[in-house]
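> attaching a predicted model along with its sequence, questions to come.
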Amino acid sequence: MLAITPLAGALGAQIHGLDLSQDLSEGDAAKLRQLLNEYEVIFFRDQDISGERQRDLALAFGPLQVHPAYKTVEGIPELTILESTPENPTKIEAWHSDMTFREHPPMGTVLKSVVVPPKGGDTMWASMTTAYDALSPAMQSFLGGLTAVHDFSWGFKESIAEPGGRERLAAAIAANPPVRHPVIRVHPETNRKVIFVNSLFTTHIEGLAPSESRAILEFLFAHVTTVEFTVRFQWQPHSIAIWDNRSTQHKPVNDYFPAHRRMERITIDGDKPY
């Protein structure tokens with residue numbers, strides 16, 4: 001029987017009593033989807049599962065996506081390697097939703113810890129439903145009619161600027177031109193409204209003067225990370241997080257350098273935001 005421990009007021013719960021190394025029953029898969037809709041990010045401990053099993057777990061939620069820029073686990077092209085070493089430290093510092101530079105951004109993500117630093121290296125998530133609900137009705141109304149542009153090249157500008165970076169990522173840049181998404185999207189399963197701009201991939205809001213766009217985005221980027229909207233998870237070996245990419249943003253806490261940290265991630269295909 002599943003036991004659920006909520007971790008913060010806005011989002012997040014740890015799930016006990018489910019062995020993810022085994023095939024999920026239809027009932028278990030449906031329950032996990034229900035919990036994901038309710039808590040937006042769910043966590044599991046002591047789940048020493050293979051990459052193939054992680055892929056099967058993600059497939060219980062829908063078809064999978066592949067990432068155009070990261071290395072993948074051999075034989076499992078959907079399983080992306082997120083690794084930071086002293087020689088090649090991570091460049092991702094910003095709050096973001098995964099891959100919003102796609103016409104169909106992921107609906108969710110399954111992340112597994114492989115190498116955990118001796119201290120630090122937590123991840124934080126923020127609820128975009130709670131952030132939207134905390135806006136004034138006037139601001140909700142104003143934002144509801146706006147469209148923003150999301151750009152792969154903007155999110156990976158540091159990698160592109162490296163020697164040889166543009167050449168290495170040329171195919172990804174060509175395959176991922178800027179896309180337009182509503183600033184406020186509707187969650188297709190809960191029908192709740194969420195803020196859908198993020199500081200990593202969103203470049204500007206259409207129809208506003210550049211100064212207006214910057215001011216609104218800077219306000220939203222600060223607003224969505226209000227501490228009361230967040231939860232923080234301390235990784236241990238064989239931990240797993242599953243989150244709703246439509247209704248959350250997340251950020252790694254890069255306080256462990258030069259220690260080694262390796263995570264493996266699969267993203268689940270989503271629909272076009274509306």
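Perfect, I can see it now. Keep in mind the model is a prediction, meaning the values are calculated, not measured.
> burial count for residue 158?
Residues lying near residue 158 (other C-beta atoms under 10 Å) number 11. C-beta: built from backbone N, CA, C; applies to glycine.
> now do the phi/psi pair for it.
The phi/psi pair for residue 158 (degrees, to the nearest 10) reads phi -70, psi -40.
> please apply the same query to the one 5 residues further on.
For residue 163, the backbone dihedrals (degrees, to the nearest 10) come out as phi -50, psi 120.
> now do the nearest residue to residue 1 once chain neighbours are set aside against residue 232, distance only.
Once flanking residues are discounted, residue 1 sits nearest to residue 17: 5.6 Å by C-beta to C-beta, 6 or more residues apart in numbering. With the distance defined as C-beta to C-beta, to the nearest Å, residue 17 ends up 23 Å from residue 232.
> residues near the residue nearest to residue 1, how many?
The number of residues packed near residue 17 is 9, by other C-beta under 10 Å.
> who touches it in this structure?
1-3 (C-beta atoms under 8 Å, 6 or more residues apart in numbering).
> nearest to residue 24, of the residues you listed?
residue 2 (11.9 Å; C-beta to C-beta).
> state the distance from the nearest residue to the closest one once chain neighbours are set aside to residue 47.
Residue nearest to residue 2 in three dimensions, not counting chain neighbours: residue 17, with 4.7 Å by C-beta to C-beta, 6+ apart. For residue 17, the distance to residue 47 equals 12 Å [C-beta to C-beta].
> what's the answer for residue 12, then?
Separation of residue 12 from residue 47 (C-beta to C-beta) stands at 17 Å.
> and those two? Which one has more around it.
Taking other C-beta under 10 Å, residue 12 and residue 47 do not tie; residue 12 has more neighbours (24 against 19).
> pretty sure the more buried one is touching residue 241, no?
No. Judged on C-beta atoms under 8 Å, residue 12 makes no contact with residue 241 at a distance of 9.2 Å.
> mutual contacts of those two, please.
The contact sets of residue 12 and residue 241 overlap at 41-43, 233 (C-beta under 8 Å, 6+ apart).
> take these and keep only those in strands.
Cross-referencing these against strands under DSSP state E gives 41-43, 233.
> rewinding a little: which ones among the contacts of residue 17 map onto strands?
Using DSSP E, the contacts of residue 17 in strands are residue 3.
> do you know how far residue 159 is from residue 168?
For residue 159, the distance to residue 168 equals 8 Å [C-beta to C-beta].
> meant to ask about residue 209, not that
Between residue 209 and residue 168 the distance is 35 Å, computed by C-beta to C-beta.
> could you do residue 160 as well?
From residue 160 to residue 168 the distance is 9 Å (C-beta to C-beta).
> of the two, who's got more company?
Neighbours around residue 160 and residue 168, counted as other C-beta under 10 Å, are more numerous at residue 160. The numbers are 20 against 14.
> and the more buried one, which of the three is it?
The three-state assignment at residue 160 reads helix, by DSSP: H, G, I helix; E, B strand; the rest coil.
> what segments of the stretch 151-274 of the chain are helices?
Under the criterion DSSP state H, counting those that start in this stretch, helices of the stretch 151-274 of the chain are mapped to 152-155, 157-161, 165-168, 170-175, 210-223.
> nearest to residue 202, out of the ones you listed?
helix 210-223 (6.4 Å).
> tell me how far that closest one lies from the chain's centre.
Centre-to-centre, helix 210-223 and its host chain are 21 Å apart (C-alpha atoms, centre = their mean, to the nearest Å).
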